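In: Here is the input, now give the coordinates:
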Amino acid sequence: PRALGRGVRCGGPGGGACAAGSGGMGRGARLGRAGQLGVGRRSLLVRWSKSFRVNASVPELELNLVLAGEGRPLDALLVVEANLALPGGVADGTVAGLPLDKPAELGSRSEVALRQPQADVEYRLQVPKGGRVWYYPIETVNNSESGYERIVQGACLLAVHPVHVGAAPIKLRFRLRAIS
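Out: Here you go, the predicted model:
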C-alpha cells in the first residue's frame, strides 16, 4: 500500500526499513515498515504492518493493515492495489456492471465484483467501510501490420481509503476472492 498525503508518497522502493516474517501465521506472511509521511512542512513517522493470509479451502487472499504515527496527526489517503488477469478479455466481462475497457470511479462500496462469464471467473474485492474503489484496465501497446493497437490484458482495482494517521492504531482489512 501507499499512503498519500496531498499527492506525497510514503513508502515505495527505498522508503524506509522493512522487516518480514511468517509470525507463526501458517499460510501467510507479515511485513513491517516505518517511513516518513510528509505534507507541506509537516511530517510524521508512520509505522505500519501488513499481514497476508491465504485460505486453503477457497481461492482467497486477505490483507490486514495496521498503521500508527508518531507526532502530530496527518490526514492521508491509503491506496491498496490489486492487479488481476483477464482470461476472457475485455469483451467478456464487467466490473460493478460497467465494461472492462474504460477506467471507472466505482464510488463508496464494501464489495466490488469483476465478472467474466465466458471464462467462468469472478473476482470479489471486499474493502473496509468509508473507502472508494477505482478501476483501471491494464493495457499493452503493440505495433502490428495495421499499426499500433492497445490490448487490455488485466484489471487494476484500487481501494482508496481516507485515514487520520496519529498515535491511535488504524486497522483495516481487505479480501480478494476468486469464484468460479
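In: residue ranges with poor pLDDT in the chain?
Out: 1-26 (pLDDT under 70).
In: How about the residue in it that sits furthest from its center?
Out: Using CA atoms, centre = their mean, the residue of the chain lying farthest from its centre is Glu145. It sits 36.7 Å away.
In: Which residues are in contact with that one?
Out: By CB atoms under 8 Å, 6 or more residues apart in numbering, Glu145 lies in contact with nothing. For every residue, glycine as well, the C-beta is placed using N, CA and C.
In: Distance-wise, check it relative to Val79.
Out: 39 Å (CB to CB, to the nearest Å).
In: same deal with Phe174?
Out: 11 Å.
In: the more surrounded of these two?
Out: Shown here are Phe174 and Val79; by other CB atoms under 10 Å, Phe174 has more neighbours (21 against 16).
In: Next, the buried residues of the lengthiest strand in the chain.
Out: Secondary structure assigned by DSSP state E gives strand 147-165 as the longest strand of the chain. Buried residues in strand 147-165, counted by 16 or more other CB atoms under 10 Å: 152, 155, 157-161, 163, 165.
In: Sheet partners, orientation included, of it?
Out: Sheet pairing of strand 147-165 (DSSP bridges) gives strand 74-85 (antiparallel), strand 132-144 (antiparallel).
In: what's the closest of the buried residues of strand 147-165 to Val112?
Out: Leu157 (6.3 Å; CB to CB).
In: now that closest one, nearest residue through space, not along the chain?
Out: Ala82 (4.7 Å; CB to CB, 6 or more residues apart in numbering).
In: what's the distance between that neighbour and Trp134?
Out: 11 Å.
In: Now do the shared contacts for the two.
Out: By CB under 8 Å, 6+ apart, the residues touching both Ala82 and Trp134 are 157-158.
In: Under a three-state scheme, what state does Lys102 occupy?
Out: Under DSSP: H, G, I helix; E, B strand; the rest coil, Lys102 falls in the coil class.
In: ok, now which ones touch it?
Out: Counted by CB under 8 Å, 6+ apart, Lys102 has contacts Pro137.
In: go again using 7 Å as the cut-off
Out: Neighbour list for Lys102: empty [criterion: CB atoms under 7 Å, 6 or more residues apart in numbering].
In: coming back round to it: make JSON lines out of the strands paired with strand 147-165 and add distance to Gly28.
Out: Listed next are the strands paired with strand 147-165 as JSON lines, based on distance: least, CB to CB, whole Å:
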{"stretch": "strand 74-85", "distance to Gly28": "16"}
{"stretch": "strand 132-144", "distance to Gly28": "24"}
